[in-house]
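Q: Would you be able to build a 3D model of this:
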Amino acid sequence: MSDYSLSVSAEMVFLDLPFIERVQRIHQLGFGVEIWHWENKDIDALAATGARFTSMTGYLTGNLTDDAEIENLLSSAAESLAVAERLNCPSLNLHGTGLDNKGLPVKPVDIVTGEMWVKAVRTLEKLAALGEKAGRVFTLENLNTAVDHPRTPFAKAADTLALVEAVNSPYLKMNLDLYHAQIGEGNLIELVQRSGNAIGEIQVADVPGRCEPGTGEINYRAVAKALRAMNYRGIIALEGWASGDTETALASFKAHFE
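A: Model (predicted):
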């Protein structure tokens with residue numbers, strides 16, 4: 001048996017159903033539920049589902065490095081915390097910069113300067129302070145720049161780990177996305193071992209295709225064994241598409257980790 005728990009992104013499965021029904025189906029199957037941006041969703045209806053929400057996007061606009069955008073980020077993070085309170089959602093997710101509806105950076109970056117690193121750390125310290133006040137955790141997700149998110153700063157797991165360790169707060173952790181890490185870095189078992197206590201959540205999908213475990217090249221059973229050996233007690237979330245029937249895909253996800 002494992003001490004971690006499993007969750008599923010409602011943004012990427014049961015796509016033939018209205019969003020609230022997706023949440024209900026995931027909940028009925030015994031998983032936690034994750035959502036992305038909340039501004040276009042009926043928060044009262046989501047809360048009424050009784051689902052256990054494990055993560056949501058923690059901002060609407062802004063980035064970590066530009067003064068005006070930092071203010072936008074902090075302001076929308078405060079709004080997001082209020083929504084997280086309504087959903088009893090413990091974790092709020094961040095990225096290295098704001099992303100548009102296609103997952104592309106609103107402000108693409110080719111070179112991340114030392115000044116940008118310093119600004120990012122200071123901004124994340126402020127976000128951690130907001131999280132501490134609200135009793136919730138912000139997580140910083142790694143992305144890949146080769147396939148899904150080109151020209152995104154602070155994209156690698158090595159980058160997010162460096163930032164999280166620099167801030168050194170229990171209210172800022174990594175959202176370690178192993179799909180993105182496999183494309184950008186590989187060496188996944190050593191990556192989770194190195195990241196250790198900095199991990200606030202792990203997200204998974206297989207490569208290539210970003211579908212459920214078992215459809216690609218990643219040995220997720222070996223990853224699960226390593227996580228159990230580490231006594232990992234957090235969330236493992238499927239943030240991927242179903243390769244076919246959704247319930248079959250979710251059963252495969254569960255089988256790889258339990």
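
Q: Surely E69 is within a helix?
A: Yes - assessed by DSSP: H, G, I helix; E, B strand; the rest coil, E69 belongs to a helix.

Q: where does it land on pLDDT?
A: As predicted, E69 sits at a pLDDT of 97.

Q: ditto for M1
A: Value listed for M1 in the pLDDT field: 49.

Q: again with I20
A: 98.

Q: what's the burial count for it?
A: I20 has 16 neighbouring residues, counting by other Cβ atoms under 10 Å. All C-beta spots, glycine's among them, are computed from the backbone N, C-alpha and C.

Q: does it sit in a helix or strand, and which one?
A: Following DSSP states H and E, one finds I20 within helix 19-28.

Q: Can you measure across stretch 48-63, start residue to end residue?
A: Across stretch 48-63, the terminal residues are separated by 32 Å (Cα to Cα, to the nearest Å).

Q: which strands and helices sit next to the helix or strand just after the helix holding I20?
A: Later in the chain than helix 19-28, the nearest helix or strand by DSSP H and E is strand 32-34. On a contact count with 3 or more Cβ pairs under 8 Å, 6 or more residues apart in numbering; DSSP states H and E, strand 32-34 meets strand 5-9, helix 19-28, strand 53-57, strand 235-238.

Q: Next, the angle from the helix holding I20 to strand 5-9.
A: 160 degrees (axes from the mean of the first three to the mean of the last three Cα atoms, to 10 degrees).

Q: can you give me the offset of helix 19-28 from its chain's centre?
A: In terms of Cα atoms, centre = their mean, to the nearest Å, the gap separating the centre of helix 19-28 from the centre of its chain is 19 Å.

Q: tell me the most buried of the helices and strands packed on strand 32-34?
A: Among the helices and strands packed on strand 32-34, strand 235-238 has the highest mean neighbour count (mean count of other Cβ atoms under 10 Å), at a mean of 26.

Q: what's that strand packed up against?
A: Short answer (3+ Cβ pairs under 8 Å, 6+ apart): strand 235-238 packs on strand 5-9, strand 32-34, strand 53-57, strand 199-204, helix 246-257.

Q: Show me how far it is from its chain's centre.
A: 9 Å.

Q: if we can go back for a sec, same list (the helices and strands packed on strand 32-34) but as a markdown table, adding distance to T139.
A: Below are the helices and strands packed on strand 32-34 laid out as a markdown table (distance: least, Cβ to Cβ, whole Å):
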| stretch | distance to T139 |
| --- | --- |
| strand 5-9 | 13 |
| helix 19-28 | 20 |
| strand 53-57 | 7 |
| strand 235-238 | 10 |
